[in-house]
Structures are given as structure tokens and as C-alpha cells.
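> Return atomic coordinates for the entry below.
(one chain, ligands or ions: 1)
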Amino acid sequence: MTVRTVGIAGGGNMARGIARRLATAGHTVLIFDRKPESAAKVAAEAGDGQPGTVSAEDLDDVLAAEIVVIAMWYPGSVDFARAHATALANKIVIDIANPLDESYTGLSIEPTTSAAEEMAKAIPGSSVVKAFNTQPAPPLFPGVVDHTALDTYVASDDADAKAVVLDLLPGSGLRGVDAGKLSNSRLLERLCAFGIELSNRYHTDGFGFKFLPAGELPEPS
Ligand SMILES: NC(=O)c1ccc[n+]([C@@H]2O[C@H](COP(=O)([O-])OP(=O)(O)OC[C@H]3O[C@@H](n4cnc5c(N)ncnc54)[C@H](OP(=O)(O)O)[C@@H]3O)[C@@H](O)[C@H]2O)c1
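Take a look at the predicted model:
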């Protein structure tokens, strides 16, 4: 694993969980939010006691990171990326959005596309990768549900970018699963909505989805 610098634009619940997992793996995480006090609080909580550092930074510094996570709600996530397309050009941009409808158990987007694909259209000069979207933010912070490490599904049309994102995960407590091409984000976004529906039915506090292959997948270290 290579230690990297990851920017997160949007300093809310998911930024807290993603930053925590990345800091556990030793990465440097920079967080920007339009409310600086929110970014500062999230950074302090996420970095506390971890080998990597997490700090609240200005927008320019966050967009200058090697990899940028857009941790905002769709379609604002796409609007933000489009507005900063020049700064994001030639970078890996991670989309985590689930375009949930008002029920939170369905999607507001047509099934022939996904939030990630819409982001890729908005920033054609960037390599868009889908990741971190299939579990709620609370279990992402510790990275486990019922003592089981969470899987995160990583999809992209850029194989090199996908490999870089998967390489962020050893030591994070998350197991990365290569989820194929970016259009598989349609399934991954739907999967989270389905998880919310199941979670509502069973009144659970949180959930994750685990891929159980007959063969071996590397376990997180
Ligand atoms: N929450 C979950 O459990 C979960 C799980 C999987 C995936 N996701 C996805 O993760 C994304 C983020 O969810 P979240 O729960 O982390 O949301 P959140 O807690 O609302 O955090 C988003 C943060 O981004 C800020 N923001 C919005 N637009 C901005 C802009 N233009 N510039 C700077 N900051 C901006 C928001 O500020 P304001 O408060 O001022 O708007 C807020 O602080 C969503 O797309 C969601 O679908 C969430």
C-alpha cells in the first residue's frame, strides 16, 4: 500500500467515516466544508488516535489532493464537481452518492444511469470511481458490523484509478471488492436503498453488505 493524500469535499457524516478509515490505514486526509467548524469537528473526530492525519483545509488545498472524494448529496455532488472541473482534471474523483428519493428506499434517478455516471459526464477530464456508498455512515466509522469488517465496492471504467482506490484500503479495516465498470454504480446505489428498506423492516441500527465468494479474497490487514 502506498500512503496517499486524499481530499474530501463536504465535511458531514460520510466524510467522518471515510476519513476515519483512511486515517486508520495511515493516509493523510484533508477535509473542506462550506461550514469550516463542521470540517474542523469531523477532522478532529476522524483523526483522533489514528496513524494518519486528518485536518480541515481550504477548498484549494483539498482540490489539490491526489484523490478527491465528493462527499455531498446528489445532484449537488455533480454540480460541485462540474463547477470545479478544471481543478479536478487528471485526478481520481470518488463519488459516494446514493440518489435516494423521498422514501429513502428508492432512487430519484432513472435506472439507465447513476449518480457516478452523471458525475463522469460532468467532469470528463477526471477518472471517476464509485466507492464507500453501500453502508450507512455510522458503521463506516468503526468499519465493522457485528465484529465483521465491512466490504466496500469499487467501480470505475479506469482500471488504473480503480486499482489506486483499492490500494487505499489495506490497513483501513475495510475490504475492497473490485465491482467492475462504472455503470455497476446503478446496482451499488440501488443496493444501499435496498439496505435501508431492509434495515427499516428489521429496525436495525446499521448494515453492510458482504460478498461471500467460494474462493479467497484478500482480507484487510
Ligand atoms: N449518510 C449515510 O449514511 C450515507 C451512506 C452512503 C452514502 N451516502 C452518500 O454520501 C453523501 C454525503 O452524505 P452525508 O450523510 O455525509 O451528508 P451530510 O452529512 O449532509 O454532509 C454533506 C456535507 O457537505 C456540505 N456541502 C454540501 N454542498 C457543499 C458545497 N457546495 N461546498 C461545500 N460543502 C458542501 C454540507 O453542508 P450543508 O450542511 O451546509 O449542506 C454537509 O456538511 C450523499 O451523497 C449520500 O447519498 C451517505
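> need the contact list for the most centrally placed residue in the chain.
The centroid of the chain falls nearest to F132 when counting by Cα atoms, centre = their mean (3.4 Å). By Cβ atoms under 8 Å, 6 or more residues apart in numbering, the residues touching F132 are 14, 17-18, 69, 94, 96, 140, 152. C-beta here means a position set from N, CA and C on the backbone, and glycine is covered the same way.
> count of neighbours near the residue of the chain found nearest the ligand?
The chain approaches the ligand most closely through G12 (1.8 Å), counting by Cβ to the nearest ligand atom. Other residues lying near G12 total 18 when counted by other Cβ atoms under 10 Å.
> Now do the contacts for the nearest residue to it once chain neighbours are set aside.
Closest residue in space to G12, ignoring its immediate chain neighbours: A71 at 6.5 Å, by Cβ to Cβ, 6 or more residues apart in numbering. A71 makes contacts with 8-12, 14-15, 18, 96, as judged by Cβ under 8 Å, 6+ apart.
> Let me see the ranges of the helices in this structure.
13-24, 36-47, 59-63, 76-83, 85-88, 115-122, 137-140, 159-167, 185-202 (DSSP state H).
> For those, give me a markdown table that also has mean neighbour count and mean pLDDT.
Formatted as a markdown table, the helices of the chain follow (neighbours: other Cβ atoms under 10 Å; pLDDT from 0 to 100):
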| stretch | mean neighbour count | mean pLDDT |
| --- | --- | --- |
| helix 13-24 | 25 | 98 |
| helix 36-47 | 19 | 98 |
| helix 59-63 | 17 | 98 |
| helix 76-83 | 18 | 98 |
| helix 85-88 | 16 | 98 |
| helix 115-122 | 24 | 98 |
| helix 137-140 | 18 | 98 |
| helix 159-167 | 17 | 98 |
| helix 185-202 | 18 | 98 |
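> mind putting those helices in CSV, distance to V177 included?
As requested, the helices of the chain are exported to CSV (distance: least, Cβ to Cβ, whole Å):
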stretch, distance to V177
helix 13-24, 15
helix 36-47, 23
helix 59-63, 27
helix 76-83, 22
helix 85-88, 25
helix 115-122, 16
helix 137-140, 15
helix 159-167, 9
helix 185-202, 10
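> List the contacts of the residue lying closest to N200 once chain neighbours are set aside.
Residue nearest to N200 in three dimensions, not counting chain neighbours: T105, with 6.9 Å by Cβ to Cβ, 6+ apart. T105 makes contact with 193-194, 196-197, 200, according to Cβ under 8 Å, 6+ apart.
> Need the per-residue pLDDT for T105.
Among the per-residue scores, T105 shows a pLDDT of 96.
> Could you do P213 as well?
88.
> same question, the one 5 residues further on
With respect to pLDDT, P218 has a value of 73.
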